[in-house]
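Asks: predicted model, plus sequence, below.
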Amino acid sequence: MTSATSTPFFDRTFLGLAGALIALLIGGLFLPQWALSFGSVALYLGIVVLGMALLMRTGLVSFGQGLYYCLGAYAAGTLDHFFSLSDLLLMVVAGALLAGVVAGILGLLLSKYRDIFFAMLSLAFSMILYGLLVKTSQLGSTDGFGLSVKTFAGVALSPAHTRYVIFAFASVLAFGCAVFMHRYWCSHLGRLATAIRDNELRVEYMGESVQRVIHLNYVISAAMAGIGGALMAGAIGHVDARSQRHSAAQCAEGCSRLLGRLRVARTNCHGCAFLGQRLGYRKANAFRSAEHHRRRTGKFSKHAVPSVCFWIG
């Protein structure tokens, strides 16, 4: 196995990303405002997907990544709404720090679980935050509240150039996150992620702490989600709990399609769900048997339905 130190920094991946960054920065100068907005959306969602890809390389599927995406957005929004701090750079830093700190605390518990238990527990924490937000009138409840970006690193922005600055900053952040993930995946800890996915017991026999690696990966993934959420708040100029949940679901769907690490059980029954690669064929068979019995008899089996509900959680 090639060591991480032998991997050149300026390899083909880095050069390709650098070329894409230059093309985005130059091309953005000639794009209309609506195209810059769409480009910013694609970039900040891509940052969130990068973090989710790290978890999926470790063999984990998170259904609650919207928790940190939402924390990043609300961290940026509260700075402007309550403290009159409308600096884009400060908003992104605050979103990443808040998401990373919360993930560091919750990760101590989540790193002990695997498979569907990890997925459902992460979803539970996300729904707790959603319930708190919709019940808190100071944060706008379901309507949310607006914000505006007026400065970047202390430099005042004119309304005509704000969209491009947000797009350029999102491009640089996406480039930095992509380079970081590329270097991380080539490092010792990055290679442990795929080893844990394949056989974590052997990783423990090698003397490595599986829980420590999963905890670290979880914090990195959450910080990237916080960056994406803060960028979203600055680009759109509004935060609310419903849009955060919807955007996080889009990230999860895009990540699953990109990596091909999810097996999708497509049935006509209402209990269809995304199953992780390591959930096993036995759990997926519960969906197939229920659907087969429904097609043959026109109704669900009294034995198949409870098994489907059990495997969903």
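Replies: That came through, no problem.
Asks: go through stretch 121-138 and flag the buried ones.
Replies: 121-123, 125-126, 129-130, 133-134 (16 or more other Cβ atoms under 10 Å). Every residue, glycine included, has its C-beta placed from N, CA and C.
Asks: correction: stretch 190-206
Replies: Buried-residue list, stretch 190-206, by 16+ other Cβ under 10 Å: 190-193, 195-197, 200, 203.
Asks: what is the neighbour count of Leu89?
Replies: The local packing of Leu89 (other Cβ atoms under 10 Å) involves 16 other residues.
Asks: contacting residues for it?
Replies: Each residue near Leu89 by Cβ atoms under 8 Å, 6 or more residues apart in numbering is listed here: 152-153, 169.
Asks: which of the residues you listed are buried? Put it as a PyMOL command.
Replies: Of the contacts of Leu89, the buried ones can be selected in PyMOL as follows, counting by 16+ other Cβ under 10 Å:
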select buried, resi 152+169
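Asks: return the member of the contacts of Leu89 nearest to Ile47.
Replies: Relative to Ile47, the closest of the contacts of Leu89 is Phe169; by Cβ to Cβ it sits at 11.6 Å.
Asks: give me the nearest residue to the closest one, chain neighbours excluded.
Replies: Nearest non-adjacent residue to Phe169, counting by Cβ to Cβ, 6 or more residues apart in numbering: Leu88, 6.3 Å away.
Asks: quick one: that neighbour from Leu60, how far?
Replies: 31 Å (Cβ to Cβ, to the nearest Å).
Asks: cool, Trp34 as well?
Replies: Using Cβ to Cβ, we find Trp34 at a distance of 37 Å from Leu60.
Asks: just Leu90 next, same as before
Replies: Leu90 is 31 Å from Leu60, by Cβ to Cβ.
Asks: more crowded one of the two?
Replies: Neighbour count, other Cβ under 10 Å: between Leu90 and Leu60, Leu60 has more, with 27 against 20.
Asks: so that one makes contact with Ile214?
Replies: Yes. Using Cβ atoms under 8 Å, Leu60 is in contact with Ile214, at 7.0 Å.
Asks: grab the most central residue of this protein for me.
Replies: Nearest to the mean C-alpha position of the chain, by Cα atoms, centre = their mean, lies Val48 at 3.8 Å.
Asks: got the residue ranges for the strands in this structure?
Replies: Assigned by DSSP state E, the chain shows strands spanning 145-146, 151-152, 155-156, 238-239, 262-264, 274-276.
Asks: ok, Ser122 - contacts?
Replies: Going by Cβ under 8 Å, 6+ apart, Ser122 touches 62-65, 67, 110.
Asks: centre of the chain versus the lengthiest helix in the chain, how much separation?
Replies: For the chain, the helix with the greatest residue count under DSSP state H is helix 210-236. Computed by Cα atoms, centre = their mean, to the nearest Å, the chain-centroid distance of helix 210-236 equals 6 Å.
Asks: just the mean pLDDT for it, thanks.
Replies: Taken as a whole, helix 210-236 has a mean pLDDT of 91.
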